[in-house]
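**Student:** Whatever this is, show me its structure:
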Amino acid sequence: DALNVAKEDEDIKVVIFKGAGRAFCSGHKLEDLAHWYGWSPEKRKRPETQEFKLRRDSRWSEFWHNIYYFTKTTISQVHGICSGAGLSLAIVTDLTIASEDAEFCHIENRMGHGGPTYVLPYEIMLIGPRKTRELSLTAKVIDAREAERIGLVNYVVPRDKLDEEVDKLAKTICLEPADGLAAGKVYMRQVMDAF
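**Tutor:** Sure thing, here's the model as predicted:
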């Protein structure tokens, strides 16, 4: 809903995603996964039908696609844990700034999920096929500096400077004309889609 409001507001040039509390995002609720895959101990909660799973997967793919192609500049402001759906969000935004305490992981693989399925093409374009396969197959946790080194994040800052640095970046971007920002983003996405 907030993205729809931002999309229609001509005065908004940048949207920042940030977490409250100890982490950026640890991913989906485990109750959701338990229901999706039939692990729920509740007898009345049967595993979903294949048709329902396909519809859900289609909705999730569309959700991540819409953020990736969102017309305004998007920034992920990451601190603490960034895993599962949180990592997907960091992958599909235009820029990701992380604090030194940030940790990244495809934790969903440890639970039998297929990995970053919804954002796989975007991750491959971002960090390459080999590194994507490694992170997906091992589900290992990498720290902020490693994420910066492989191109998963733009840069790393001290935790107490994270708000300030992201705000400064957003203000710099906002100095650009809105039409130029939108056109530049569309052009960049078209070039990346050609790969």
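
**Student:** buried ones in the longest helix along the chain?
**Tutor:** Looking across the chain with DSSP state H, the single longest helix is helix 50-68. Neighbour counts over helix 50-68 (16 or more other C-beta atoms under 10 Å) mark Trp60, Phe63, Trp64, Ile67, Tyr68 as buried. C-beta: built from backbone N, CA, C; applies to glycine.

**Student:** Check those residues and tell me the two furthest apart.
**Tutor:** Trp60 and Tyr68 (12.7 Å; C-beta to C-beta).

**Student:** measure the most centrally placed residue in the chain to Lys13 for me?
**Tutor:** In the chain, the residue lying closest to the centroid (C-alpha atoms, centre = their mean) is Leu89, at 1.2 Å. Per C-beta to C-beta, to the nearest Å, Leu89 is found 19 Å from Lys13.

**Student:** What of Leu135?
**Tutor:** Noted for Leu135: a distance of 32 Å to Lys13, by C-beta to C-beta.

**Student:** what's the answer for Thr96, then?
**Tutor:** 18 Å.

**Student:** hang on, the earlier thing: I'd like the buried residues of helix 50-68 as a markdown table, with pLDDT and distance to His28 appended.
**Tutor:** Formatted as a markdown table, the buried residues of helix 50-68 follow (pLDDT from 0 to 100; distance: C-beta to C-beta, whole Å):
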| residue | pLDDT | distance to His28 |
| --- | --- | --- |
| Trp60 | 82 | 10 |
| Phe63 | 90 | 12 |
| Trp64 | 90 | 13 |
| Ile67 | 93 | 16 |
| Tyr68 | 92 | 19 |
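
**Student:** before we move on, the earlier item: wait, the residue nearest to the centre of the chain sits on Lys18?
**Tutor:** No: at 10.4 Å, Leu89 does not count as touching Lys18 under the criterion of C-beta atoms under 8 Å.
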